[in-house]
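Asker: Mind looking at a prediction? Sequence and model below.
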Amino acid sequence: MAIERPNRRLTTILAADAAGYSRLVGIDEEGTLDRLRTIRKDLIDPMIAAHRGRIVKTTGDGLLAEFASVVDAVRSAIDMQQVMAESNSGLVQDRRIEFRVGINLGDVVVEDDGDLMGDGVNVAARLEGIAEPGGICLSSAAYDQVRGKLDIAAQDRGQQQLKNIAELVQIYSISAAHPAAAAPHTTVAPRLSIVVLPFVNLNGNSEQDYFVDGVTESLTTDLSRIPGAFVIARNTAFTFKGKPVDVRVIGRELGVRYVMEGSVQGGGDRIRVNAQLIDTETGAHLWAERFDKPRADIFDMQDEITTRLARTVGVELVAAEGRRAERERPNNMDAGDLAMRGWAILNQPLSLRRDRAACDLFDAALRLDDRNVEALVGLACFLSWQPPSHLRLDQSGRTATYRPHGHH
């Protein structure tokens, strides 16, 4: 007779709750509940989804979320706390809603309804309980996975006995709400991080809003399919609709390196779409394009425009990341930097000599991290694109008689 075993998996658990919730409710019950619901809907839930997390369950003042990646979980927590710090700015202490966050990597039992149980969950909940308001506590199991991958300043709080947990737990804490207090630039926006701001309807015709919003939503979806991309969820992006924006402020608030914005204008039998990619650190325009299309089936036209935009923006993002790495860390590139530079080369028109330079970058990346997915895929693509041996390079290093299948 087969023994039925529980469904288990190794996963990252994030536990969060509002510090001093009972006190806040006692001061202003309706106001606190309304603000907490708005914060969850507009800030916290979209932030978790943007980092590929899953909300397992919620309580009145807290939540439990699951992530496949510890790095994603910590990035989500950092962004969450920084957004909350911005939300609380200008409020007196008694009116601020501040979250405590605990993160643990552990083996859990998965219930039939998707709930998670076990010590892996309990440790995360206990870590949240000892975190400072606006702070984050990590178990050593979680911290070991992000050390060297994220630019964070962590405080070693030693081994502690957590309530109802048999073994001592090594604990690390980071303060994301006030990162400058620990070290300058303690958090860095992820590579390929972008928000697609709602495109502007220049005609002002409300009947065209659904098409304009559809372009924004489709672009957000398509860009999120880029390997390694971090794309802010559409719910968060749409909170900026119709508002004057400073892309540098948005970059800091959402933790992204790039903003994509644009407009749609209709006239007669044609539709014009303008789009631009902006660096949030400098405010510089990195790329701009205009598409003029005859009016046709509205959904076919939307698909064609967004597909072309997403493909082009994906290439431009990789190129921008390659340039950033060369500019900021020319002598200290990590595996991700090297892989990004390699892909920036492969995305250019075919040149065998240049593509071999990309291969060298992928090799260098894999020497630093032999599991770097972008470098492994890039190297595989380079090897699959090798021309037959009878072809030779001309003096310019190019050959017009061979183009690899599937390039671009």
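Answerer: Structure's in. What do you need?

Asker: C-alpha only now, for contacts and for neighbours.
Answerer: OK.

Asker: Which strands or helices does the helix or strand residue 46 falls within pack on?
Answerer: Using DSSP states H and E, the secondary-structure element containing residue 46 is helix 45-50. Counting contacts by 3 or more C-alpha pairs under 8 Å, 6 or more residues apart in numbering; DSSP states H and E, helix 45-50 packs against strand 53-58, helix 70-88, helix 234-237.

Asker: any chance of these in a markdown table, plus mean pLDDT and mean neighbour count?
Answerer: Supplementary listing: these in a markdown table, determined by pLDDT from 0 to 100; neighbours: other C-alpha atoms under 10 Å:
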| stretch | mean pLDDT | mean neighbour count |
| --- | --- | --- |
| strand 53-58 | 92 | 17 |
| helix 70-88 | 89 | 22 |
| helix 234-237 | 82 | 20 |
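
Asker: Let's have those in CSV, adding distance to residue 111.
Answerer: Output for the helices and strands packed on helix 45-50, formatted as CSV (distance: least, C-alpha to C-alpha, whole Å):
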stretch, distance to residue 111
strand 53-58, 11
helix 70-88, 21
helix 234-237, 29
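
Asker: And those: which comes nearest residue 374?
Answerer: Evaluated over the helices and strands packed on helix 45-50, closeness to residue 374 peaks at helix 70-88, with 16.5 Å, by C-alpha to C-alpha.

Asker: okay, the helix or strand just after the closest one in PDB with CA atoms only?
Answerer: Stepping forward along the backbone from helix 70-88, the first helix or strand reached (DSSP H and E) is strand 99-110. Output of strand 99-110 as PDB, limited to C-alpha atoms (Å, rounded to 0.1, in the frame of the first residue of the first chain):
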ATOM      1  CA  PHE A  99       5.700  47.400   7.700                       C
ATOM      2  CA  ARG A 100       8.000  44.900   9.300                       C
ATOM      3  CA  VAL A 101       9.300  42.100   7.000                       C
ATOM      4  CA  GLY A 102      10.800  38.700   7.600                       C
ATOM      5  CA  ILE A 103      12.200  36.500   4.800                       C
ATOM      6  CA  ASN A 104      13.300  32.900   5.100                       C
ATOM      7  CA  LEU A 105      14.300  30.100   2.600                       C
ATOM      8  CA  GLY A 106      12.900  26.800   3.800                       C
ATOM      9  CA  ASP A 107      11.200  23.500   3.100                       C
ATOM     10  CA  VAL A 108       7.400  23.900   3.400                       C
ATOM     11  CA  VAL A 109       4.300  21.800   3.200                       C
ATOM     12  CA  VAL A 110       1.900  22.900   0.400                       C
END
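
Asker: re earlier: what's the helix holding residue 46 in contact with?
Answerer: Helix 45-50 is contacted by residues 54-55, 65, 76, 79-80, 230-236 when judged by C-alpha atoms under 8 Å, 6 or more residues apart in numbering.

Asker: For residue 119, list the residues it contacts.
Answerer: Residue 119 sits next to 106, 107, 108, 165 when contact means C-alpha under 8 Å, 6+ apart.

Asker: Of the residues you listed - the most surrounded one?
Answerer: When the contacts of residue 119 are compared by neighbour count (other C-alpha atoms under 10 Å), residue 108 ends up highest, at 22 neighbours.

Asker: Show me what that one bridges to in the sheet.
Answerer: Beta bridges link residue 108 to residue 9 when assigned by DSSP bridges.

Asker: The residue lying closest to residue 223 once chain neighbours are set aside: how many residues sit nearby?
Answerer: In space, not counting the residues next to it along the chain, residue 223 is nearest to residue 310; the distance is 5.8 Å by C-alpha to C-alpha, 6 or more residues apart in numbering. Residue 310 has 20 neighbours, counted by other C-alpha under 10 Å.

Asker: Spell out the residue ranges of the strands in the stretch 201-350 of the chain.
Answerer: 230-231, 258-267, 270-279, 285-294 (DSSP state E, counting those that start in this stretch).

Asker: how about those, which one is nearest residue 361?
Answerer: Taking C-alpha to C-alpha as the criterion, residue 361 comes closest to strand 230-231 out of these, the separation being 22.9 Å.

Asker: residue contacts, the spatially most central residue of the chain?
Answerer: Among the residues of the chain, the one closest to the centroid is residue 230, at 2.7 Å (C-alpha atoms, centre = their mean). The neighbours of residue 230, taking C-alpha under 8 Å, 6+ apart as the test, are 50, 51, 190, 191, 192, 193, 194, 224.

Asker: Any chance of these in TSV with neighbour count, pLDDT and distance to residue 144 as columns?
Answerer: Putting the contacts of residue 230 into TSV (neighbours: other C-alpha atoms under 10 Å; pLDDT from 0 to 100; distance: C-alpha to C-alpha, whole Å) gives the following:
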residue	neighbour count	pLDDT	distance to residue 144
50	20	88	23
51	24	91	19
190	17	74	19
191	20	73	21
192	22	78	24
193	20	85	24
194	29	88	27
224	21	81	27
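
Asker: what about the stretch 301-408 of the chain, any weak spots by pLDDT?
Answerer: In the prediction, the stretch 301-408 of the chain carries residues with pLDDT under 70 at positions 325-332, 336, 340, 347-355, 385-408.

Asker: Alright, calling it a day.
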